[in-house]
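Colleague: Fold the following for me, if possible:
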Amino acid sequence: MSVRRLLRPAWLLTHLLVVAAFVVMVNLGFWQLRRLDARQAHNAIVEERMSQPVGPFHEVVDLVNPEESANRPVEVPGVFDPGREVYVMNRTRDGLPGVHVVTLMEGGFGAVAVDRGFLPRPVYMGGEEHYWAPGGGEVVVTGWIRLSRTSRFGNGDEVDVVDIADLSGRWGVALLPAYVQATAGAAAGDYPLRPQVPDLTSGPHLGYAVQWFVFAVIALVGYPLVLVRITRDDQLVA
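Modeller: Sure thing, here's the model as predicted:
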């Protein structure tokens, strides 16, 4: 009687749902492992590029395919134009909200957008621009090459990402196809704060993968035990 009960339509549907859940959990585990492999491969590329010696912008950056130069260290001489500056919103540092200050720099090499660093929101909201104004005259900025992204929204001088095409139109100048995240030479005072080293850890993917596999094992072992228990209870009642 108990075996027939487990073959009823409602129970068959339950069996199918458990099997489907098992398959989904196993696939999610392997998906997290693939993401782990991709992240580790990306981190290896970033580390290799960041370890290369500093070079002039035009020698380091592939102007046709700038993505091939991402994260490499460069040196850029030029003059900042604080009148052409934007603020990348929704940035944090050590849990503190703020913005990144991006300023136009011009020199004999051309024009480039420079992310000069992090500005805590209280300082930014104070509106005292002299606190984060760049130094006057020609300076030499060192930093990492970063790639342009496509902006989705903005409000005046506040933007969501560094979009080279958008900034070129905004500032009326043809910017070079990548921007520089400055590590030195871009701040005259305490602000903006220099960038932190990028997070090159493996992230939570391995832990997530283990969790999904544990859930799958629980379903694989636990569900049959539940069925055995139901069968025994039915036999005792009978």
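Colleague: List the strands paired with the helix or strand where residue 146 lies, with their directions.
Modeller: Remark: residue 146 resides in strand 138-147, with elements defined by DSSP states H and E. Under the criterion DSSP bridges, strand 138-147 sits next to strand 73-93 (antiparallel), strand 178-184 (antiparallel) in its sheet.
Colleague: Check the ones you listed for me and report the most buried one.
Modeller: Greatest average neighbour count among these goes to strand 178-184 (a mean of 22), per mean count of other CB atoms under 10 Å. Heads up, the C-betas are built off the backbone N, CA and C, glycines and all.
Colleague: I'd like to know which elements whichever helix or strand comes after it is packed against.
Modeller: Scanning forward in sequence from strand 178-184 by DSSP H and E, the next helix or strand is helix 205-237. Under the contact criterion of 3 or more CB pairs under 8 Å, 6 or more residues apart in numbering; DSSP states H and E, helix 205-237 touches helix 2-6, helix 9-50.
Colleague: and helix 205-237, which residues are buried?
Modeller: Going by neighbour count (16 or more other CB atoms under 10 Å), the buried part of helix 205-237 is 205, 208, 209, 212, 213, 215, 216, 219, 223, 227.
Colleague: One more: stretch 158-171?
Modeller: Within stretch 158-171, the residues scored as buried using 16+ other CB under 10 Å are 159, 161, 162, 163, 164, 166, 167, 168, 170, 171.
Colleague: The fifth one contacts residue 174, correct?
Modeller: Put plainly, it is residue 164. No. Residue 164 is not in contact with residue 174 according to CB atoms under 8 Å; the separation is 9.7 Å.
Colleague: ok so, going back, take the buried residues of helix 205-237 and lay them out in a markdown table including pLDDT.
Modeller: Putting those into a markdown table (pLDDT from 0 to 100) gives the following:
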| residue | pLDDT |
| --- | --- |
| 205 | 94 |
| 208 | 95 |
| 209 | 95 |
| 212 | 96 |
| 213 | 96 |
| 215 | 94 |
| 216 | 94 |
| 219 | 90 |
| 223 | 83 |
| 227 | 77 |
